[in-house]
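Student: here is my input, please return the structure:
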Amino acid sequence: MVPIVCIVGASNVGKTTFLEKLIPALTRRGYRVGTVKHDVHGFDMDREGKDTWRHAQAGAQTIAISSPERVASIRTVPHELPLEDVVSRYFWDEDLVLAEGFKRSMFPKIEVFRSAIEPQPLCSPSDNLIALVTDAPVDTEVPRFGFDQVEGVADFLESRYLKNRKRPRVLVQLDGKKLPMKDFVQDFIAGGLVGMVSQLRGWRRPKQLRVTITLGDNA
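Tutor: Reported below is the predicted structural model:
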């Protein structure tokens, strides 16, 4: 699974501002970074009156908009998806996902803390806190970085999650959830599928082969 690190902290402490600096520090090193923003109040990315908004009002469950440079999709869900499900469904091509919020999740957390906002950090190592970004001399068991030490945080993440990580060759998802598998299983599946599909008329060796199998009448 793609590593997930949550950037947590009190409201208006500067989580988004810090992410705006951390993301380019990682992408400059060649890593593909995805982000997830947690919104407990619900959100509306579409604008009333736009064609996609009208599609949704007409009852479409999933709406996508596509252009030569970008594609975006909005899907209606019956309940909030766990963070790991969001990442496994939509971020399989990234090296790292930085999630803003999700402080109650089980995933590793970097807290952005300002003593002018809160009297003390929200998380501790027992909450899977792995680092603190702060302007205060907080006594903590985890690595502490100043707000200007963005490259230091990038070094920390690279060393801990990215440096020795291999990008999976094969992705198998069960109802959108990634199925973990060892390297030899990936090689077995890739070799078998390519061997079969390459016998079909029209085969040309692609950069990526995608197969979707639907099981059951209600799938």
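
Student: for this structure, longest helix please?
Tutor: helix 183-197 (DSSP state H).

Student: what does it contact?
Tutor: 166, 168-170, 172, 181, 203, 209, 211 (CB atoms under 8 Å, 6 or more residues apart in numbering). Heads up, the C-betas are built off the backbone N, CA and C, glycines and all.

Student: from Thr62, how far off is Ser73?
Tutor: Using CB to CB, to the nearest Å, Ser73 is found at 6 Å from Thr62.

Student: also Pro82?
Tutor: 19 Å.

Student: who does the helix or strand of the chain with the lowest mean pLDDT touch, helix- and strand-wise?
Tutor: The weakest-scoring helix or strand in the chain, judged by mean pLDDT, DSSP states H and E, is strand 177-178 (a mean of 74). Secondary-structure packing of strand 177-178 (3 or more CB pairs under 8 Å, 6 or more residues apart in numbering; DSSP states H and E): helix 83-90.

Student: list the buried residues for the helix it packs on?
Tutor: Across helix 83-90, burial judged by 16 or more other CB atoms under 10 Å covers 83-84, 86-88, 90.

Student: return the alpha-carbon coordinates of that helix using CSV.
Tutor: Provided in CSV are the C-alpha atoms of helix 83-90 (Å, rounded to 0.1, in the frame of the first residue of the first chain):
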residue,chain,number,x,y,z
LEU,A,83,-8.7,6.8,4.6
GLU,A,84,-7.0,3.5,3.5
ASP,A,85,-9.9,2.8,1.2
VAL,A,86,-9.7,6.3,-0.4
VAL,A,87,-5.9,5.8,-0.9
SER,A,88,-6.2,2.3,-2.3
ARG,A,89,-8.9,3.3,-4.7
TYR,A,90,-7.6,6.5,-6.1
